[in-house]
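Visitor: Pasting a predicted model and its sequence here:
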Amino acid sequence: MGVIRQPFGRLDDGRRVDRWILVGERLRVCLLTYGAAVQDIEYDGVHLVLGFDNIEDYEDARCPYIGTVVGRYANRLSDGLVVSGRTCALDCNEGDTVQLHGGSEGLHRRIW
C-alpha cells in the first residue's frame, strides 16, 4: 500500500505530466496531473474506467474529456454570457456560438 509518482509524458508545449498511483490491498487508482484525469481504477484486477495509455491520446481534440474534470461549466453556454448587464464574449469551442465545458483551455487541459 502506498503512493507512487511517475512521469507520464510531455504535452506538445513541453509541460510535464505525472501519474500518481494510489495502491491498496485490492484497489489501484491512477490519476494524472493533466486535467486531474482518472486514468485507471482497478479493483481485484478488473479495470473499471476508460483511460488512455499515453498523453498524446489525452491531447487528441476528438476525445478531450475522457476521465478529466470539466469546467468551469459542465454544459454549453451560447451567444455570450451576460454579467451585470454586460455581454462577455466566450471562447467558442463547439461551433461558432457555443462554449462547451469552459472552452478550449478549460480545466480538462490544465496541469494540477
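Guide: Ah, there it is.

Visitor: L27 reaches Y43, doesn't it?
Guide: Yes: counting by CB atoms under 8 Å, Y43 is a contact partner of L27 at 5.3 Å. C-beta here means a position set from N, CA and C on the backbone, and glycine is covered the same way.

Visitor: Helices of this protein, residue ranges please.
Guide: 55-59 (DSSP state H).

Visitor: in it, which spans are strands?
Guide: Here the chain has its strands, by DSSP state E, at 2-10, 16-23, 27-32, 38-43, 46-47, 76-78, 81-83, 86-88, 98-100.

Visitor: how far is the longest one from where the chain is centred?
Guide: Taking CA atoms, centre = their mean, to the nearest Å, one finds the center of strand 2-10 at 16 Å from the center of the full chain.

Visitor: try the third one
Guide: Its chain's C-alpha centre lies 14 Å from the corresponding centre of strand 27-32 when counted by CA atoms, centre = their mean.

Visitor: Who are the packing partners of it?
Guide: strand 16-23, strand 38-43 (3 or more CB pairs under 8 Å, 6 or more residues apart in numbering; DSSP states H and E).

Visitor: What's the mean pLDDT across it?
Guide: Per-residue pLDDT over strand 27-32 has a mean of 98.

Visitor: now swap in stretch 67-87 and tell me
Guide: 76.

Visitor: rewinding a little: okay, the helices and strands packed on strand 27-32, which one's buried deepest?
Guide: strand 38-43 (a mean of 18; mean count of other CB atoms under 10 Å).

Visitor: Could you please name the strands that one pairs with and the direction of each pair?
Guide: When pairing is defined by DSSP bridges, strand 38-43 lines up against strand 27-32 (antiparallel), strand 46-47 (antiparallel).

Visitor: And these: which comes nearest R10?
Guide: strand 27-32 (12.6 Å; CB to CB).

Visitor: quick one: that closest one to strand 2-10, angle?
Guide: Strand 27-32 and strand 2-10 meet at an angle of 30 degrees, taking axes from the mean of the first three to the mean of the last three CA atoms, to 10 degrees as the criterion.

Visitor: quick one on the thing from earlier: which among the strands paired with strand 38-43 is found nearest to H108?
Guide: strand 27-32 (10.9 Å).
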